[in-house]
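Trainee: Predicted model and sequence follow; I will ask about them next.
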Amino acid sequence: MPGPQTLIVGDNTIRDVQRVCSKNTKVICFPKDVVSNMTEKILSIMAEHPTVRNIIIHVGWNDVAKQQSEVLKQDFTELLNTVSSVKAGVFISGPIPLVRNAGERFSRLWALNKWLATACTAYPVNFIEHFHIFWERRHLFKGNGLFLNKPGVKLLASNLFYFLRHPSVASAKDFKQQAPSRGKDKT
């Protein structure tokens, strides 16, 4: 039996994505992982799935809470170095903004988003932008405002596969680094 062609690996954010994916996609969730954990695991995960042609990595949520931006950048740089040798197409899935308590956590997530979009261009890695489609869209989150509800999960999966089919769209070189504006319709 052939294995998956697409692998989505990440933290708690992706836990429900498998429900909306085809049998050619496998989702592996490590709810409490930080970027450095993913760096340690990713090559063995890839070795266990030799049929994979594309891998999407979504991690960083647990790191942002630590409020150590420079350490997080170093950890992502190590991850990018590690995955640059992988023979599959590699996609880094950017952070999803919070809909509540925006303040400092929002600033850290936005800064990470901008930095990742730029950092990925130095590697054979594509960046998947989520910020503009989730910012201030309360209806896509569960009651706690932290995790995606069913429509949010469907939109996340749709965006992941859109970028997978259109990798040139993911190029940070063309990505506008403007903060999302408040109060405007973003559809």
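Mentor: Ah, there it is.
Trainee: From now on I want contacts and neighbour counts done on CA atoms only, so please keep to that.
Mentor: Will do.
Trainee: so how far is Asn144 from the residue most central in space within the chain?
Mentor: Nearest to the geometric centre of the chain sits Ser93, at 2.2 Å (CA atoms, centre = their mean). Separation of Ser93 from Asn144 (CA to CA, to the nearest Å) stands at 22 Å.
Trainee: Pro4 now?
Mentor: Distance from Pro4 to Asn144, counting by CA to CA: 33 Å.
Trainee: Looking at those two, which one has more neighbours?
Mentor: When neighbours are counted by other CA atoms under 10 Å, Pro4 and Asn144 differ, and Pro4 comes out ahead with 18 against 9.
Trainee: Return the helix or strand in this protein with minimum mean pLDDT.
Mentor: Sorting the helices and strands of the chain by mean pLDDT, DSSP states H and E puts helix 61-64 at the bottom, at a mean of 86.
Trainee: Residues contacting the helix or strand just after that one, please?
Mentor: Using DSSP states H and E, the helix or strand that follows helix 61-64 towards the C-terminus is helix 69-83. By CA atoms under 8 Å, 6 or more residues apart in numbering, the residues outside helix 69-83 that reach it are 35-36, 38-39, 42-43, 60, 63-64, 90, 108, 112, 119-120, 123, 125.
Trainee: Buried ones among those residues?
Mentor: Buried members of the contacts of helix 69-83, counted by 16 or more other CA atoms under 10 Å: 35-36, 38-39, 42, 60, 63-64, 90, 108, 112, 119-120, 125.
Trainee: List just the nearest of these to Arg137.
Mentor: For the buried ones among the contacts of helix 69-83, the minimum distance to Arg137 (CA to CA) is 18.7 Å, reached by Arg108.
Trainee: give me every residue that touches the nearest residue to the closest one once chain neighbours are set aside.
Mentor: Spatial nearest neighbour of Arg108, chain neighbours left out: Val64 (6.8 Å); criterion: CA to CA, 6 or more residues apart in numbering. Taking CA under 8 Å, 6+ apart as the criterion, Val64 is in contact with Leu72, Arg105, Arg108, Leu109.
Trainee: what do you get for Thr51?
Mentor: By CA under 8 Å, 6+ apart, the contact list for Thr51 reads Pro2, Gly3, Pro4, Gln5.
Trainee: I'd like those residues as CSV, with secondary structure and distance to Pro31 appended.
Mentor: Listed next are these as CSV, based on DSSP: H, G, I helix; E, B strand; the rest coil; distance: CA to CA, whole Å:
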residue, secondary structure, distance to Pro31
Pro2, coil, 27
Gly3, coil, 23
Pro4, coil, 21
Gln5, coil, 23
